[in-house]
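>>> Any chance you can model this:
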Amino acid sequence: MTRTRFDDQLEELHVELIKMGSLCEEAISLSAQALEKNEEKTKERVFALETEIDQMEREVETHCMRLLLHQQPVARDLRAISAALKMISDMERIGDQAADIVELVPYIAQSECKNKVNIAEMAKATVSMVTDSVEAFVKKDLKLAEQVIEKDDVVDEMFASIKKKLMELVRSQNVDAEPALDLLMAAKYFERIGDHAVNVAEWVEYSVTGIHKSSEHHLGN
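Coordinates of the predicted model:
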């Protein structure tokens, strides 16, 4: 494989990751929407997106392996490919957890507990994290990637607040325990999606700088 062809293949990989990221954005946005409006077509779309994201993960993984096998990549190329392999794993989990949220929707929809905690605000913040992490990748925007990482604390605080409120409601018997636990689980999935968005943002930073924040250790130029 010539260098020009290799560069073309790297660009194709970049386009595939953007597409996969946009599918994740749609899945998480629709799962948040499903919590507000328990509509069958919305839930079905999320499940279809999860399948598509899973398929894309396999395709991108194959693409990365092909690049590694057919060329002697320089350190910069290795960074891009290894970051891609890590990012698709996080994106696949975002798709899974969007589907997990949707599966809980029918159990939450009939309960009053949904109106007693601000899960819609948490969902909105998480959607924003996913969107911004993908945009940071597209634009190689280190400042935006850093903002995603910082926003994780906000989402964590929202989860802690929802958990505390639901526990209080159950203890006081103002809501049934089962739908409250389902709602808490949905909030936990949003919190985990935020964690995956942070991972994506950190791999964006690594692909640009060669430094991964979690390890704080230089990984090549």
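>>> ok, which stretches of the chain are strands?
Under the criterion DSSP state E, the chain contains strands at 211-212, 217-218.
>>> can you count the residues close to the nearest residue to residue 165 once chain neighbours are set aside?
Closest residue to residue 165 apart from its sequence neighbours, by Cβ to Cβ, 6 or more residues apart in numbering: residue 117 at 5.0 Å. Placement of C-beta: from N, CA and C, glycine included. Counted by other Cβ atoms under 10 Å, the residues lying close to residue 117 total 22.
>>> per-residue pLDDT, residue 117?
For residue 117, the pLDDT comes out at 88.
>>> Tell me where the protein has helices.
3-36, 40-70, 75-109, 119-139, 142-171, 177-209 (DSSP state H).
>>> Could you list the buried residues of the fifth one?
Of the residues in helix 142-171, those with enough neighbours to count as buried (16 or more other Cβ atoms under 10 Å) are 144-149, 151-152, 154-155, 158-159, 162, 165-166, 169-170.
>>> what's the answer for the third one, then?
Along helix 75-109, these residues count as buried under the neighbour rule (16+ other Cβ under 10 Å): 77-88, 90-105, 108.
>>> which residues sit in contact with the residue nearest the centre of the chain?
Centroid-nearest residue in the chain: residue 94, 4.0 Å away (criterion: Cα atoms, centre = their mean). Residues in contact with residue 94 (Cβ atoms under 8 Å, 6 or more residues apart in numbering) are 24, 27, 28, 53, 130, 193, 196, 197.
>>> If you tally nearby residues, what's the number for the fifth one?
Right, the one you point to is residue 130. Counted with other Cβ under 10 Å, residue 130 comes out at 26.
>>> Would you mind measuring from it to residue 48?
18 Å (Cβ to Cβ, to the nearest Å).
>>> I would like the residues contacting stretch 95-115, please.
Residues contacting stretch 95-115 (Cβ under 8 Å, 6+ apart): 23-24, 27-28, 30-32, 34-35, 38, 42-43, 46-47, 49-50, 53-54, 166, 169, 175-176, 178-180, 182-183, 185-186, 189-190, 192-193, 196.
>>> mind redoing it with 7 Å?
24, 27-28, 31, 34-35, 38, 43, 46-47, 49-50, 53-54, 166, 169, 175-176, 179-180, 182-183, 185-186, 189, 192-193 (Cβ atoms under 7 Å, 6 or more residues apart in numbering).
>>> Just the buried ones among the residues you listed, please.
Applying 16+ other Cβ under 10 Å to those flags 24, 27-28, 31, 34-35, 43, 46, 49-50, 53, 166, 169, 175, 179-180, 182-183, 186, 189, 192-193 as buried.
>>> burial of residue 195, as a residue count?
Residue 195, neighbours per other Cβ under 10 Å, totals 17.
>>> so how far is residue 84 from the residue nearest to residue 178 when sequence neighbours are not counted?
Residue nearest to residue 178 in three dimensions, not counting chain neighbours: residue 107, with 7.3 Å by Cβ to Cβ, 6+ apart. According to Cβ to Cβ, residue 107 and residue 84 sit 37 Å apart.
>>> Residue 49 too?
From residue 49 to residue 84 the distance is 20 Å (Cβ to Cβ).
>>> how much space between the residue nearest to residue 178 and residue 38?
Look at residue 107 and residue 38: by Cβ to Cβ, they are 10 Å apart.
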